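Undergrad: Turn this into a structure:
(one chain, ligands or ions: 1)
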Amino acid sequence: MTKKVLILPGDGIGQEVTASAKEVLDYLVAKHNLDFAITYMDVGGTAYEKHGSPLPDDVLVEAKKSDAILFGAVGAPKWDNLDWDNRPEQALLGLRKELELFANLRPAFLFNELASASPIKNNIIENLDILIVRELTGGIYFGEPRGLVDDQSPHYAFNTMIYNEDEIRRIAKVAFESAQKRNKKLCSVEKANVLEVSKFWRSIVSDMAKDYPDVELSHQLADNTAMQLVLNPNQFDVIVSSNLFGDILSDIAATLTGSIGMLPSASLNSSSQGMYEPCHGSAPDIADQNIANPIAMIASLAMALKYSLGEAKLSESIDNAIKTFISNGHRTKDISTSDDALNTNEVAPLIIEILKNDSAN
Ligand code: NAD
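TA: Just a heads-up that it's a prediction; the model follows:
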């Protein structure tokens, strides 16, 4: 059956990095005769300028019909003062909400050749390969009631951290299954020492462990995990956490690798429909200069092939090609120490060349 891929470049370097990913995708489609239907649409500030909304209705309709969405990035200072509903970020939040993309998968891995770009000592960071599974549509970011009370003294504000059993089970299932496909270690992170919702989270995850006897489950308090990620990150394989703690921990993990232009992410729903995007933003400071690193977007395409498009082998081929690209010494400006860095549009052709030389591709 035809697989539908929707490409949403968005703003700034989102346009440039999605073009690179599309080149790699086009090569694979032609080479392997893949039955993919690929559509391009506007989101973010670009869509606001052209169509009056950061997430036009027809984009949402198309997104709901798609198997995989490749999302570049959105935002730029010129749209920062728009009212909330028209801000570019609404594209991202709207898609996550409407497609119920509850599982955010953020791998953090280090190319040992780039270890010097990490703020952490090489011997601690070498061979880093972690997957953070963050709950994305619940928890304190969405919990009700919430609000600001400014008609009493003192004024106060409040939010609600809430998870029901189903929400915990569905994210923990993604995490256990991810661990089964990796090194079979899962660390569930919360604050069970001080929060009822965390104690509940821990009890549900512990109960599920009996269904995954091949996975070694541990529990850690979030403040300790923040410290352990810096002190001894290689103790982790898969980490699962709530929206709030996962948000913070995944940014710490991304920082460990020292190169935001290299890290992909996936946000999935229960039908394996997914949105795939780099961890970086639209980088207005370098937009339209042909110097952005497109690897995070190309690696996001690899995740899309694996999780939503049923092409795990091709996904692995892209990951391997990226490794070869780095070990061959190819560098864009953000990860280069020399003056002759590659331009954005030179990266995909080199990745394709490596794929061609790999006998399977
Ligand atoms: P950013 O990730 O866009 O940029 C941070 C720094 O990293 C900049 O110096 C940028 O030049 C550099 N950088 C980022 N990606 C790079 C790449 N692929 N290659 C080389 N260098 C790269 O974060 P920011 O500056 O905080 O935000 C800029 C805009 O992006 C804002 O409008 C923000 O709201 C938006 N944003 C969007 C997303 C998203 O769409 N998912 C995520 C984060 C930020």
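
Undergrad: Look at the residue of the stretch 1-150 of the chain found nearest the ligand and say how many residues are nearby.
TA: The ligand sits closest to Gly75 of the stretch 1-150 of the chain, with a gap of 2.5 Å, by Cβ to the nearest ligand atom. C-betas here are computed from N, CA, C, even on glycine. The local packing of Gly75 (other Cβ atoms under 10 Å) involves 23 other residues.

Undergrad: Work out for me the element it sits within.
TA: Under the criterion DSSP states H and E, no helix or strand holds Gly75.

Undergrad: List the residues that contact it.
TA: If a contact means Cβ atoms under 8 Å, 6 or more residues apart in numbering, then Gly75 has 11-12, 44-45, 87-89, 281-282, 284 as its contacts.

Undergrad: next helix or strand past the helix or strand containing Ala19?
TA: Here Ala19 sits within helix 13-32, counting by DSSP H and E. Using DSSP H and E, the helix or strand that follows helix 13-32 in sequence is strand 36-40.

Undergrad: Figure out how far that next one is from the centre of its chain.
TA: Counting by Cα atoms, centre = their mean, to the nearest Å, strand 36-40 is centred 21 Å from the centre of its parent chain.

Undergrad: Could you number the chain from 640 rather than 1 from now on?
TA: Renumbered: residue one is now 640, and that last one reads strand 675-679.

Undergrad: Residues in contact with it: which ones?
TA: Strand 675-679 is contacted from outside by 641-648, 661, 664, 668, 701, 705, 948, using Cβ under 8 Å, 6+ apart.

Undergrad: Next step: those residues restricted to strands.
TA: For the contacts of strand 675-679, the ones inside strands are 642-648, with DSSP state E as the criterion.

Undergrad: Could you export those residues as TSV, including neighbour count, pLDDT and distance to the ligand?
TA: Rendered in TSV, the data for the ones in strands among the contacts of strand 675-679 read as follows (neighbours: other Cβ atoms under 10 Å; pLDDT from 0 to 100; distance: Cβ to the nearest ligand atom, whole Å):
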residue	neighbour count	pLDDT	distance to the ligand
Lys642	18	98	24
Lys643	19	98	22
Val644	25	98	19
Leu645	23	98	16
Ile646	21	98	14
Leu647	30	98	10
Pro648	27	98	11
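
Undergrad: Get me the contact residues on the protein for the ligand.
TA: Applying the criterion Cβ under 6 Å from any ligand atom, the portion of the chain that neighbours the ligand consists of 652, 712-715, 731, 899-900, 916, 919-925, 931-932, 935, 973.

Undergrad: In ChimeraX, how would I select the buried members of these?
TA: Applied in ChimeraX, the following selects the buried portion of the residues of the chain next to the ligand according to 16 or more other Cβ atoms under 10 Å:
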select :652,712,713,714,715,731,899,900,916,919,920,921,922,923,925,931,932,935,973
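
Undergrad: Can you list which of the residues of the chain next to the ligand are found in strands?
TA: In strands, defined here by DSSP E, the members of the residues of the chain next to the ligand are 712, 916.

Undergrad: Report the beta-bridge partners for the nearest residue to Ala814 once chain neighbours are set aside.
TA: If you skip the residues right next to it in sequence, Ala814 has Val879 as its closest partner in space, 3.6 Å away by Cβ to Cβ, 6 or more residues apart in numbering. Beta bridges link Val879 to Val772, Ser827, judged by DSSP bridges.

Undergrad: can you give me the strands in the stretch 890-1000 of the chain?
TA: Using DSSP state E, counting those that start in this stretch, the strands of the stretch 890-1000 of the chain run over residues 903-907, 913-917.

Undergrad: Next, format the ones you listed as TSV and append distance to Phe815.
TA: Below are the strands of the stretch 890-1000 of the chain laid out as TSV (distance: least, Cβ to Cβ, whole Å):
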stretch	distance to Phe815
strand 903-907	14
strand 913-917	18
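
Undergrad: which two in the contacts of strand 675-679 are spaced the farthest apart?
TA: Thr641 and Pro648 (22.0 Å; Cβ to Cβ).

Undergrad: neighbours of His969, just the number please.
TA: There are 19 residues near His969, going by other Cβ under 10 Å.
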